[in-house]
Each structure stands twice: as structure tokens, then as C-alpha cells.
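J.: give me the fold of what follows.
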Amino acid sequence: MYRSDGERTPGAKLLLAILVAAALSIPLFSIYLLNYDRQTQSETATKAITEGWGGPQAFSGPLLIIPYKSTTTETVVENGKSVTRTHEGVRELTLSPEVSELTTSLAPEHRKKSIYETVVYDAKVEGVARFGLPRDLSRQGVDPAALDLARAELRFGISDPRGIGANPEVSVNRVPLQLQPGGGSSGGSGFFAPLNAGQLIAGPIGVRYKFGLRGNSSLTFAPKAGQTVWKVRSPWPHPSFGGDYLPVSRNVRSNGFDAVYEIGNLALGESLVSTAEGSSHVVDRLNHDQAMQDRGVDNSQSAPKVASISLVQPIDLYSQVDRATKYGFLFIGFTFLALLMFDIIGGVRVSAVEYLLMGAALVLFFVLLLAFAEVIGFSLAYVVASAAIAGLNTAYSAAVLKSWGRASFIGGLLVGLYAVLYVLLSLEAFALLIGSLLLFAALAGVMYGTRKIDWSAPRKSEAAA
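T.: Below is the predicted model of the structure:
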């Protein structure tokens, strides 16, 4: 590893560079933790910003609930004798509309707290629905004569009632209804309207409704109708369509988007009539299933089917910084490799301290990137941080390598690496391909440049001396 005069062999110099690079993995890993901590603080600030405004919203309805008298018979054995008992109670018949057409206008708005920012929205929902009384109620085990139409309720489910706007309007056959908070007389979240549904006997009834809904991040709709048509428009240019159903048509532009959903009850896999307990509390089931998923329990099979639209931030700075940090060893490796080549081939000695200082500057780039990105945005922060570190290492390498020409090579290498990294972060789908080709090219260049080096011997010039 050493000559008699103390000069390291090329192999020893390579090992030294590797050891310093390995030591730099500790602060590099600390940046992962720092980024996670800042992301957690950002999420906490986002919750504070949206407190009292409304969270990610889900809504459903309208559903028509009609109480009816139910008689059940059971046979039990008492003292060796069969005894038949009859119980009378009140159950709920849930009617979904035959047709439901609604439009939603999403108006996004940026909200800030200190250096943190989030996007909230104010949605305006307007719609019409038509309800009809099925002729085959007896097949559901319901006697039409047992229906208490005078105590019917029209229910709308809202996941976060804090976001309900002022003065919602609901009318049946153009007659306004008085609204009540809650998901109905049986509980739940949202609002409902008591009504006398006796008109159903004569024929279908029409429902018109209009309400505002404040929330953030996403808007989810749980369709419940024979035929649902949901039209959504917004000036937000970065929507993400998810859930169980995708729009049949969508138009995403730089100044907003339009989307149209068409969903039938055959696709929902549900009948328009239900006597199951809690069948009208669709949103409450969604909230429960989400809570179970947060605990690691998969209830996706029993969860109501939904269509969802998320307002995506085009650049998530914390995920970008996280991805950039994963390429930290690429910067360290290429820079150390250039220094090693100047040492072995160019005859300029580079000490462990000099490796360490230049490596520390490379690690500092990611700290600067995170700090500036929270204030001025990711793209501008990337330019500032990369220019600062490239300039610092170029000036320092001029002293270490004793030549501004060699330092310019280091500076050009860093500028090229930062440019490539930005491209990799922008082209996520091709990042692996581009990165693999770059590593291949770098390895081929190193193998070619060092093909005649004897890694176990000192430089020829010094051996001759």
C-alpha cells in the first residue's frame, strides 16, 4: 500500500477515496431525516391552515328514506315446547333516484401560513334527481301499505360537515324543504330534509338541490342512482382522477379541466331499493373504511364505490428533495473520481481532508436545496444551491489542484451533474434508464482511462526518482 518513502499506491488512494465517501453517507442519511421532519412540519401546518375550512371531502345523495313497519316471527323452544313469537318494529327503506344529474364547479385557492402553502377549494354543487316508488316492493319483503310516507326523509351525506356552505337549497316538485343538520333521524354526517312523500303514490317526484362545499386536496362522490351523470369543471390545471370510476370524457388544459362521469347502477352492482341497516349512510361507511385502512385493515371489498378528483400540486418539493438526495452518492462518486484521476494520472496529491471538505460541500447542496425550496420554490432553489456549491468547489479545487484549468474541469463536471440530475427529476418515468446509461458511460470512461495503471504500484515518475 505504501512505498518506502511513504507515498501511497494508486490502490491505497482509491481505498482512501472510498472510505471518505462512505463516511459522508452519515450526513447524507441525516438529510433524509431532515427532509422527513420538514415534511411532517409542513403537513402539520397544512392541517392548521385547513382547520375550520374542511378536509378532503366526500359526498353522496340525495337518497329517499321511508320508514315502514316490519313484522318478524321467531320460533324458540321453552320448557321443551316450541313457542312462536311475533315482533313489530320500524325499519328504513332506502330509495336511490332513478336518474341523478349534477354539476360541480371547483374553485381552488392558495392558502399560506409562514413558509408553508396548501390548496383549498370551494365547490358549488347543483343537481336534479327523480325518485319513483318501485312496483315490486313485495319482493324486498316490504308491504306497500306499511310505508309511512308522511315521515320520509331526503338525505345528503357529507364527510366533513364543517365545509358545508351557507344556505343549501333543496326542493321537491319546486316546493322548498326545511333542512336539518346530520345524516337523518338515525344519525350520520351531512344534512337532511323531512318531507311527506305521499306524492310518490301518484308518480315520480323531482328533487332539485344546490349547496356549497369547502374542502382541500380531493373531492369524492359516491354515486347511488339508476343512472348518474356528474359533470365537474375547475380552473385547476393539474387534476388526478381516481376512485373506482374514471370520467367517460375529460379535457385537461393549462387553464383548467372539465370531466364527465356516467355511472349506472349495474356498474355499481346495487339495487335501487335497499332495506339493509345503515344503507343510507354511504359517507359514514367511507369514513369508517378510511379509518380502518389507516390502521392497516383492508376493507376495500365492502367499501362504497366512488369517483374521486384530487387537486395535485405540480411539484411536491419534499418528494423532489428526497429523490435528489438519493443521487447524492452519484455526485460524490463522480467528483472523487475526477480528483483521484488528477492525483494518479495528473500528479497532483489530494489529501483525505481535501476529499472530505469537497464531499461536505456536495452534501451541503441538498440542505441548501431544501432550505431555499421552502421559501422560493424548487426550481429557483435548485439553481441557487447548485450555483453556490459548484462555485465553492471550483474555487477550492483550484487551490487543491494548483490549476484553474483543472478546477474548471471540476466545475464543469458539477454543472453537468446538476443539469443531468434536474432532468432526471423532471423525467421521472425515464429516470432509471437515463441514470443507468450515464453510469455505464462513466464506468466505461474510467475503465478506459485507467486501463494501464498498476494499482499496486506508485506513479512511474516518482518510482523513477
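J.: so which residue is dead centre in the protein?
T.: residue 312 (7.4 Å; Cα atoms, centre = their mean).
J.: so what's the predicted local confidence for that residue?
T.: pLDDT for residue 312: 82.
J.: need phi/psi at it.
T.: Dihedral pair for residue 312: phi -80, psi 140, per degrees, to the nearest 10.
J.: contacts only, for it.
T.: 238-240 (Cβ atoms under 8 Å, 6 or more residues apart in numbering). Heads up, the C-betas are built off the backbone N, CA and C, glycines and all.
J.: who wins on neighbours among these?
T.: Most neighbours among those, by other Cβ atoms under 10 Å: residue 239, with 22 neighbours.
J.: so that residue bridges to which residues?
T.: Beta bridges link residue 239 to residue 311, judged by DSSP bridges.
J.: then the one 4 residues further on?
T.: Per DSSP bridges, the residues bridged to residue 243 are residue 307.
J.: can you redo the contacts of residue 312 as JSON lines with pLDDT and distance to residue 305?
T.: Formatted as JSON lines, the contacts of residue 312 follow (pLDDT from 0 to 100; distance: Cβ to Cβ, whole Å):
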{"residue": "238", "pLDDT": "88", "distance to residue 305": "25"}
{"residue": "239", "pLDDT": "90", "distance to residue 305": "20"}
{"residue": "240", "pLDDT": "90", "distance to residue 305": "18"}
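J.: Throw those into JSON lines and include distance to residue 117, thanks.
T.: Shown next, in JSON lines, are the contacts of residue 312 (distance: Cβ to Cβ, whole Å):
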{"residue": "238", "distance to residue 117": "15"}
{"residue": "239", "distance to residue 117": "19"}
{"residue": "240", "distance to residue 117": "19"}
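J.: out of those residues, who's nearest residue 261?
T.: residue 239 (12.8 Å; Cβ to Cβ).
J.: can I get stretch 433-450 in CSV, CA atoms only?
T.: Taking Å, rounded to 0.1, in the frame of the first residue of the first chain, the C-alpha atoms of stretch 433-450 are listed here in CSV:
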residue,chain,number,x,y,z
LEU,A,433,-33.0,4.5,-18.0
ILE,A,434,-31.1,7.8,-18.2
GLY,A,435,-29.2,7.1,-14.9
SER,A,436,-28.2,3.6,-16.0
LEU,A,437,-26.8,4.9,-19.3
LEU,A,438,-24.9,7.7,-17.5
LEU,A,439,-23.3,5.2,-15.1
PHE,A,440,-22.4,2.9,-17.9
ALA,A,441,-20.7,5.7,-19.8
ALA,A,442,-18.9,6.9,-16.7
LEU,A,443,-17.7,3.4,-15.9
ALA,A,444,-16.5,2.8,-19.5
GLY,A,445,-14.6,6.1,-19.4
VAL,A,446,-12.9,5.3,-16.1
MET,A,447,-12.0,1.8,-17.3
TYR,A,448,-10.5,3.2,-20.5
GLY,A,449,-8.6,6.0,-18.7
THR,A,450,-7.1,3.7,-16.0
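J.: now it: buried residues?
T.: Neighbour counts over stretch 433-450 (16 or more other Cβ atoms under 10 Å) mark 438, 450 as buried.
J.: the helix or strand containing residue 47 - contacts with which helices or strands?
T.: Using DSSP states H and E, the element containing residue 47 is helix 25-50. Applying 3 or more Cβ pairs under 8 Å, 6 or more residues apart in numbering; DSSP states H and E, we find helix 25-50 packed against strand 99-113, strand 116-131, helix 317-325, helix 328-344, helix 352-376.
J.: partners of the first one, with directions?
T.: Put plainly, it is strand 99-113. Sheet pairing for strand 99-113, assigned by DSSP bridges, gives strand 116-131 (antiparallel), strand 227-234 (parallel).
J.: other residues contacting that strand?
T.: Contacts for strand 99-113 (Cβ under 8 Å, 6+ apart): 45, 48-50, 53, 62, 117-130, 219, 221, 223-236, 309, 311.
J.: just the buried ones from those residues, in ChimeraX syntax?
T.: To isolate the buried members of the contacts of strand 99-113 in ChimeraX, using 16+ other Cβ under 10 Å:
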select :45,49,50,53,62,117,118,119,120,121,122,123,125,127,128,129,130,219,221,223,224,225,226,227,228,229,230,231,232,233,234,236,309,311
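J.: which residues touch residue 38?
T.: Counted by Cβ under 8 Å, 6+ apart, residue 38 has contacts 318, 370, 374.
J.: now render those residues as JSON lines, adding pLDDT, neighbour count and distance to residue 364.
T.: Shown next, in JSON lines, are the contacts of residue 38 (pLDDT from 0 to 100; neighbours: other Cβ atoms under 10 Å; distance: Cβ to Cβ, whole Å):
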{"residue": "318", "pLDDT": "85", "neighbour count": "18", "distance to residue 364": "18"}
{"residue": "370", "pLDDT": "89", "neighbour count": "24", "distance to residue 364": "11"}
{"residue": "374", "pLDDT": "84", "neighbour count": "20", "distance to residue 364": "16"}
